[in-house]
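> fold the following for me, if possible:
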Amino acid sequence: MKNKRHSIKDIAKSMGVSVTTVSFVLNGKAEEKKISKAVTKKILDYVEKIEYKPNQFAQGLRTGKSKIIVFMVEDFYFFFAKLATIIEDLAYKKGYKVIFCTNENKDNKSIELIDLYRNIKVDGYIIIPSPGLMPKIKELIDEGLPVILTDRYFPELDSNYVVIDNKEASYRATKHLITNNFKNIGFVTNDIEQTQMLDRLNGYKEAIEESNLSTHVITIPFDEYTLTRNKLEDNIKKFIEEMPQLDAIYFATNYLAISGLNVIKKNFPHYMDELGIMSFDDLDFFEFYTPTITAVSQPYFEIAQSLMDLMLNLLKDGKKNGGTTRIKLKTNLEIRNSTLSR
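Okay, the predicted model is just below:
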């Protein structure tokens with residue numbers, strides 16, 4: 001009996017009651033619907049005996065409350081994977097399950113996934129949005145669904161979000177390099193026109209211009225990382241070759257930093273002890289590399305905790321249509337050997 005997956009219909013047939021009666025009992029509405037204590041106990045005892053596990057998708061369709069949250073990320077590398085692990089643990093402790101999916105920063109895929117999860121009536125959405133997703137996000141918000149954006153947001157959209165202060169973090173990281181006597185600082189970024197990347201670039205520029213230095217920026221097409229790492233590394237190699245005056249390089253993401261370190265090690269090994277090297281977004285790997293790599297460290301647990309606290313608040317009755325909450329968290333700068341004063 002325990003090996004069979006039972007439905008509410010099966011339970012109703014075995015108990016000689018209606019499907020509606022079983023549904024009310026399982027959803028804690030027996031007293032409200034005036035179902036006798038004897039019938040309620042009979043159903044609950046049977047459910048326990050057969051170790052009934054409700055189908056959460058079907059439950060969501062039936063009641064509008066699936067106890068499932070969607071977490072849509074760009075990919076499952078580094079930062080997003082670590083964040084997902086913490087969110088899943090926090091959600092589980094509160095009785096929620098999390099569906100993880102990746103949109104690869106593509107609008108079409110994002111839209112298809114959102115439409116799928118709307119159909120199965122998930123309770124809420126935590127979304128790292130692709131560039132053109134604002135109209136679809138607005139649809140969810142207009143429907144009164146709990147939605148939180150993270151990592152990036154749309155300035156023109158009135159939405160809940162939890163992000164870090166990318167501009168301040170990038171400004172502080174650049175000022176650290178300048179304070180340590182690096183004067184020709186290259187900045188390696190991608191061409192994504194989204195808040196997190198634009199703020200990192202603007203923080204770098206502000207610190208450079210404030211110190212009357214010159215900016216040296218390379219913007220690499222995002223697809224070159226997703227399609228072929230070789231092409232990405234060729235761009236970084238060309239940038240270094242064409243900028244012999246550089247005394248430091250600041251990478252706007254950790255995946256750019258990893259590719260950059262590979263380029264330097266293979267093609268310019270003497271630079272490892274000459275160039276200042278900085279990455280936005282820390283990795284355990286940077287602590288063990290030679291030299292150890294200075295990096296902006298995002299507060300993973302604080303981000304995840306803020307997301308879950310806000311989501312649980314939005315899921316409460318009467319909270320869905322309240323005012324928006326915007327949280328911007330601070331980062332830490334993990335100073336290591338790669339940015340020691342030369």
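
> residue 22 contacts residue 8, correct?
Yes: using CB atoms under 8 Å, residue 22 is in contact with residue 8, at 5.0 Å. Bear in mind the C-beta positions are built from the backbone N, C-alpha and C, glycine included.

> quick one: which of the two has more around it?
Between residue 22 and residue 8, counted using other CB atoms under 10 Å, residue 22 has the larger neighbour count: 25 against 21.

> against residue 154, how distant is the more buried one?
From residue 22 over to residue 154 the distance is 44 Å, taken as CB to CB, to the nearest Å.

> which is the succeeding secondary structure element to the helix or strand of the chain with the lowest mean pLDDT?
Least confident element among the helices and strands of the chain, by mean pLDDT, DSSP states H and E: helix 56-63 (a mean of 50). Scanning forward in sequence from helix 56-63 by DSSP states H and E, the next helix or strand is strand 68-73.

> tell me which stretches of the stretch 51-200 of the chain form strands.
Ranges of strands within the stretch 51-200 of the chain are 68-73, 97-102, 124-127, 147-150, 160-164, 185-190, based on DSSP state E, counting those that start in this stretch.

> distance to residue 277 added to those strands, as JSON lines?
Below are the strands of the stretch 51-200 of the chain laid out as JSON lines (distance: least, CB to CB, whole Å):
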{"stretch": "strand 68-73", "distance to residue 277": "27"}
{"stretch": "strand 97-102", "distance to residue 277": "29"}
{"stretch": "strand 124-127", "distance to residue 277": "33"}
{"stretch": "strand 147-150", "distance to residue 277": "28"}
{"stretch": "strand 160-164", "distance to residue 277": "21"}
{"stretch": "strand 185-190", "distance to residue 277": "10"}
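
> those: which one's closest to residue 141?
The stretch from the strands of the stretch 51-200 of the chain with the least distance to residue 141 (CB to CB) is strand 147-150; that distance is 5.6 Å.

> so what touches that closest one?
With contacts defined as CB atoms under 8 Å, 6 or more residues apart in numbering, strand 147-150 is touched by 83, 124-129, 137, 140-141, 159-163, 303, 307, 310-311, 314.

> ok, residue 44 - how many residues close by?
Close neighbours of residue 44, defined as other CB under 10 Å, add up to 14.

> ok, the closest residue to it other than its chain neighbours - contacts?
Residue nearest to residue 44 in three dimensions, not counting chain neighbours: residue 25, with 6.6 Å by CB to CB, 6 or more residues apart in numbering. Contact analysis of residue 25 by CB under 8 Å, 6+ apart lists 35, 39-40, 43-44.

> before we move on, what about residue 133?
For residue 133, the contact set (CB under 8 Å, 6+ apart) comprises 107, 110-111, 127.

> for residue 182, see how far away it is.
Applying CB to CB, the value for residue 133 to residue 182 is 37 Å.

> how about low-confidence regions in the protein?
Across the chain, the stretches falling below the confidence threshold (pLDDT under 70) are 1-5, 27, 53-65, 224-227, 317-322.

> hmm, back to that, for residue 237, find the nearest of the strands of the stretch 51-200 of the chain.
It is, among those and with distance given as CB to CB, strand 185-190, at 11.4 Å.

> and for that closest one, what's in contact with it?
174, 177-178, 197, 200-201, 204, 208, 213, 215-222, 225, 236, 239-240, 243, 246-253, 256, 260, 276.

> please identify the helix or strand for the nearest residue in space to residue 168 that is not next to it in sequence.
In this structure, residue 168 finds its nearest non-sequential neighbour in residue 203, 6.6 Å apart by CB to CB, 6+ apart. Residue 203 is located in helix 195-210, with elements delineated by DSSP H and E.

> mind listing what's buried along that helix?
For helix 195-210, a neighbour-count test (16 or more other CB atoms under 10 Å) marks 195-201, 203-208 as buried.

> cool, stretch 236-244 as well?
By 16+ other CB under 10 Å, the buried positions in stretch 236-244 come out as 236-237, 239-240.

> among the residues you listed, which ones are in helices?
When DSSP state H defines the helices, the subset of those inside them is 236-237, 239-240.
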